[in-house]
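Asks: structural data only, the sequence is not supplied:
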């Protein structure tokens with residue numbers, strides 16, 4: 001019975017998503033191109049110079065020589081209500097997309113833009129669920145920026161995400177402030193299934209940190225496990241910034257002790273010497289090892305305790 005309930009719930013979710021798509025991705029309004037060209041010229045009789053605010057962008061007004069072009073842009077393609085506006089020219093008789101609700105903005109934009117990003121805006125995108133529309137991030141007129149984002153900086157996301165902005169100023173951080181990375185290096189706006197828009201947390205990390213990616217003969221399971229709250233790399237590291245070294249969530253041995261207890265032998269043997277060192281002083285191959293299941297430093301016998309292994313009491317490789 002439990003299984004049937006889950007399947008039923010999934011079916012209901014699918015139906016809801018299909019309904020949303022049917023509303024947000026319905027057939028666009030198709031105007032005759034000659035009519036669109038003529039009416040746009042009529043708009044410019046009053047709104048003189050507005051064509052210049054679109055010049056050089058993907059939304060530049062199409063010309064008479066582009067009637068057979070795959071893309072054709074006119075004023076009436078985005079501004080609904082133009083017919084009444086011609087009779088009663090006032091701000092109340094024509095639609096300004098920037099003043100529409102998020103779902104209505106998506107309805108206007110999808111007339112041309114039917115991409116995974118556009119589809120996500122009416123389904124799984126967290127921005128849409130926060131009632132943010134296309135024009136909260138994009139501006140169409142007077143905007144020379146790439147992809148028509150409002151801010152010409154690569155990290156314009158931080159204008160809203162203030163808490164995240166503060167994380168990048170912590171002592172240990174990813175180099176966003178120095179422009180070595182960008183928000184979009186890790187967060188994909190085409191990731192319609194991932195609520196954090198960071199598709200495949202581990203693979204995003206490993207695209208830069210390939211030395212820690214393996215595969216290893218002896219793998220540290222946490223590196224590859226994907227748990228409910230992110231899993232993998234983010235189990236130990238705070239990706240934006242941390243007050244601790246190496247973006248760690250906890251200082252010193254705290255990160256390891258989230259999952260591991262201190263072995264009794266470390267407390268009892270050799271006057272508790274094992275508790276006076278940091279875990280990574282010995283277990284330095286923490287992401288994975290090619291030769292040791294305990295992730296011990298392969299040079300440990302030379303750097304810290306040469307007598308321990310030469311005496312035959314302990315074995316380094318086991």
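Replies: Arrived safely, thanks for sending. Keep in mind that this is a model prediction, so the values were computed, not measured.
Asks: pLDDT below threshold where in the stretch 1-150 of the chain?
Replies: Scanning the stretch 1-150 of the chain with the threshold set as pLDDT under 70 gives 1-30.
Asks: hmm, 80 instead?
Replies: Across the stretch 1-150 of the chain, the ranges flagged by pLDDT under 80 are 1-31, 120, 124.
Asks: in it, which spans are helices?
Replies: Per DSSP state H, counting those that start in this stretch, the stretch 1-150 of the chain carries helices over the ranges 2-24, 33-46, 82-87, 102-109, 116-120, 126-129.
Asks: buried residues in the helix or strand following the last one?
Replies: On the C-terminal side of helix 126-129, the closest following helix or strand by DSSP states H and E is helix 162-167. For helix 162-167, burial by neighbour count (16 or more other Cβ atoms under 10 Å) applies to 164-165, 167. Any C-beta I mention is one placed from the backbone N, CA and C, and that applies to glycine too.
Asks: geometrically speaking, which residue is the centre of the chain?
Replies: By Cα atoms, centre = their mean, the chain has its centre lying nearest to residue 187, at 2.1 Å.
Asks: ok, it to residue 290 distance?
Replies: 33 Å (Cβ to Cβ, to the nearest Å).
Asks: can you give me the domain assignment for this structure?
Replies: 33-95, 262-310 (automatic domain parsing).
Asks: check the offset of the longest one from the chain's centre.
Replies: Remark: domain 33-95 is offset 34 Å from the chain centroid, using Cα atoms, centre = their mean, to the nearest Å.
Asks: one more: the shortest one?
Replies: Chain-centre distance of domain 262-310: 38 Å, with Cα atoms, centre = their mean.
Asks: repeat for stretch 88-102
Replies: 32 Å.
Asks: mind listing what's buried in that stretch?
Replies: Buried, per 16+ other Cβ under 10 Å, within stretch 88-102: 94, 97, 100, 102.
Asks: residues contacting the third one?
Replies: Under the criterion of Cβ atoms under 8 Å, 6 or more residues apart in numbering, the contact partners of residue 100 comprise 108, 133.
Asks: would you mind measuring from it to residue 77?
Replies: 15 Å.
Asks: go on, the last one?
Replies: As judged by Cβ to Cβ, residue 102 and residue 77 stand 20 Å apart.
Asks: also the first one?
Replies: When distances are taken as Cβ to Cβ, residue 94 and residue 77 turn out to be 13 Å apart.
Asks: how many other residues sit next to the residue nearest to residue 72 when sequence neighbours are not counted?
Replies: Here the nearest residue to residue 72 in space, its sequence neighbours aside, is residue 62; by Cβ to Cβ, 6 or more residues apart in numbering that works out to 4.6 Å. Residues within reach of residue 62, counting by other Cβ atoms under 10 Å, total 18.
Asks: pretty sure residue 62 contacts residue 71?
Replies: Yes - using Cβ atoms under 8 Å as the test, residue 62 is close enough to residue 71 to be in contact (7.4 Å).
Asks: contacting residues for the residue nearest to residue 72?
Replies: Contact analysis of residue 62 by Cβ under 8 Å, 6+ apart lists 33, 36-37, 69, 71-74.
Asks: switch to 10 Å and redo it
Replies: By Cβ atoms under 10 Å, 6 or more residues apart in numbering, the contact list for residue 62 reads 33, 36-37, 40, 69, 71-74, 77.
Asks: redo these as a markdown table? Include neighbour count.
Replies: Shown next, in a markdown table, are the contacts of residue 62 (neighbours: other Cβ atoms under 10 Å):
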| residue | neighbour count |
| --- | --- |
| 33 | 16 |
| 36 | 20 |
| 37 | 19 |
| 40 | 21 |
| 69 | 11 |
| 71 | 9 |
| 72 | 17 |
| 73 | 18 |
| 74 | 20 |
| 77 | 22 |
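Asks: tell me the one among those residues nearest to residue 148.
Replies: residue 73 (13.0 Å; Cβ to Cβ).
Asks: find the nearest non-adjacent residue to residue 132, please.
Replies: Distances taken as Cβ to Cβ, 6+ apart place residue 102 nearest to residue 132, at 6.2 Å, with adjacent residues excluded.
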